[in-house]
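Undergrad: model the structure of this input:
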Amino acid sequence: MKTVRFSRSTAPRCKYSWGAIAVLFFVLAGAARAEPLTLIFAGDILLDDGPGRTIAAGGDPLAPFSAILAEADYRIGNLECPVASGGRPLPAKIITFRADPRTLSVLRGRFDAVSLANNHSGDYGQPAFIETMQHLDRSGIAWFGGGHDLAQAHEPLWVERKGLKLAILGYNEFKPRVFEAGANWPGIAWSEDDQVIADIRAARAAGADLVIPFMHWGWENEAQPTERQKTFARKMIDEGAALVVGGHPHVTQGAEIYKGKPIIYSLGNFVFDGFDYPEAQRGWLLRLTFDKSGVLSWDTLTAQMDDAGTPWPVVGDFTPCGRAGEEGVLECRNP
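TA: Modelled structure (predicted):
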């Protein structure tokens, strides 16, 4: 066998210098990291009443959306009830919820995090609120918009995936304010304009590529956002938010593009029963794709709830959507 020996003069030379190769390596590595992050937001999730009875009977109210949820890198919803066996219902509150801790089994693996910033998290008092956080911890589900004290309630949920660092903030604007956390007691994050803006700025200063406020706001059963919602949503974007997502009214409230960034005012319900009007039985699941520049695309999928509160996709429905560079909200057909 003939052995080929390479001398300096005969050895094949690389066309590029090692410096050029290093640059190319980092460019390619950056391209790999630039794969878009996909995120899902869902509106109000109730695990009591109809959905709770479905789960107790061996059913799964999230099964119809299981495949869609599985496609996202990260899934966030609003948990519209304490999940506990203890506590007592607040006597001054007309409607109170409390879900059996076993109901969390349907969220496990479908939702990565839930917001506690709403008007039902404190329905059974501070003991049940604390118990809810404990059950979520044991289930491997992160929580935000609430905490063991005021400082923790205002801490962002940090989501780090695919080279991106997102800060998700949760706030409630709907009574009763007695649920609000204090310096030394547990509760939710209340939406005070100056504090919300300070939290957005702090998250950016702490290294967040994108900041997303998840608001529990607006008037129930109203199909249009209030002037307060519109003004403050735009203010949050002016102060550094990448987009604004809302819920609480039990109905969807439309969307807009402000300075190239989407505002989805209300996602409505996602898993919920007890409403006798069609608008409250139809919510949106919000899907987004991101890179470090912000939102690349987004769409909404209709969730049609049956009498038990189980949501079902509606193929062919047209709902709001958008792409980076578009000046207005589009409409897309649900797959």
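Undergrad: next, residue 152: secondary structure please.
TA: helix (DSSP: H, G, I helix; E, B strand; the rest coil).
Undergrad: tell me the contacts of it?
TA: 146, 181 (C-beta atoms under 8 Å, 6 or more residues apart in numbering). For the C-beta atoms, the positions are set from N, CA and C on the backbone; glycine is no exception.
Undergrad: so what's it scoring on pLDDT?
TA: At residue 152, the model reports a pLDDT of 98.
Undergrad: return the distance of it relative to residue 275.
TA: Note on residue 152: its distance to residue 275, by C-beta to C-beta, to the nearest Å, is 33 Å.
Undergrad: cool, residue 292 as well?
TA: Distance, residue 292 to residue 275, by C-beta to C-beta: 40 Å.
Undergrad: so these two - more neighbours on which side?
TA: Neighbour totals were compared for residue 292 and residue 275, and residue 275 leads with 17 against 12 (other C-beta atoms under 10 Å).
Undergrad: give the burial count for the residue nearest to that one when sequence neighbours are not counted, as a bare number.
TA: Closest residue to residue 275 apart from its sequence neighbours, by C-beta to C-beta, 6 or more residues apart in numbering: residue 281 at 5.8 Å. A total of 22 residues lie near residue 281 under the criterion other C-beta under 10 Å.
Undergrad: who does the strand ranked longest in the chain pair up with?
TA: Determined from DSSP state E, the single longest strand within the chain is strand 294-305. Paired with strand 294-305 in the same sheet, following DSSP bridges, are strand 282-291 (antiparallel), strand 311-313 (antiparallel), strand 318-323 (antiparallel).
Undergrad: how far off centre is the shortest one?
TA: Here the centre of strand 311-313 is set off from its chain's centre by 18 Å, with C-alpha atoms, centre = their mean, to the nearest Å.
Undergrad: which residues are contacting it?
TA: 61-62, 64-65, 68, 270-271, 283, 285, 301-306, 334.
Undergrad: list only buried entries from those.
TA: When the contacts of strand 311-313 are checked for burial by 16 or more other C-beta atoms under 10 Å, the buried set is 61-62, 65, 68, 270-271, 283, 285, 301-303, 305, 334.
Undergrad: list the buried ones in stretch 193-205?
TA: Within stretch 193-205, the residues that count as buried by 16+ other C-beta under 10 Å are 196-197, 199-200, 202-204.
Undergrad: report the beta-bridge partners for residue 214.
TA: residue 170, residue 245.
Undergrad: number of nearby residues for it?
TA: For residue 214, using other C-beta under 10 Å, the count is 23.
Undergrad: show the pLDDT at it.
TA: pLDDT, residue 214: 98.
Undergrad: surely it and residue 167 touch.
TA: No. Residue 214 is beyond contact range of residue 167, at 10.9 Å (criterion: C-beta atoms under 8 Å).
Undergrad: follow-up on the earlier one: tell me which of the strands paired with strand 294-305 lies nearest to residue 146.
TA: Closest of the strands paired with strand 294-305 to residue 146 is strand 282-291, at 21.2 Å (criterion: C-beta to C-beta).
Undergrad: just flag the most distant two among the contacts of strand 311-313.
TA: Maximum pairwise distance in the contacts of strand 311-313, criterion C-beta to C-beta, is 19.3 Å, between 61 and 334.
Undergrad: mind listing what the residue nearest to residue 311 when sequence neighbours are not counted touches?
TA: Leaving aside its chain neighbours, residue 311 sits nearest to residue 303 (3.7 Å; criterion: C-beta to C-beta, 6+ apart). Contact analysis of residue 303 by C-beta under 8 Å, 6+ apart lists 42, 65, 269-270, 282-285, 311-314.
Undergrad: run the last query once more with 10 Å
TA: Contacts were defined as C-beta atoms under 10 Å, 6 or more residues apart in numbering; by that measure residue 303 touches 42-43, 64-65, 68, 252, 267-272, 281-285, 310-314.
Undergrad: distance of it from residue 244?
TA: 20 Å.
Undergrad: likewise for residue 268?
TA: When residue 268 is compared with residue 244 (using C-beta to C-beta), they lie 16 Å apart.
Undergrad: these two touch, right, residue 51 and residue 79?
TA: No. Assessed by C-beta atoms under 10 Å, residue 51 is found out of contact with residue 79, at 11.8 Å.
Undergrad: hey, what's in contact with both of these two?
TA: Common neighbours of residue 51 and residue 79 (criterion: C-beta under 10 Å, 6+ apart): 45, 99.
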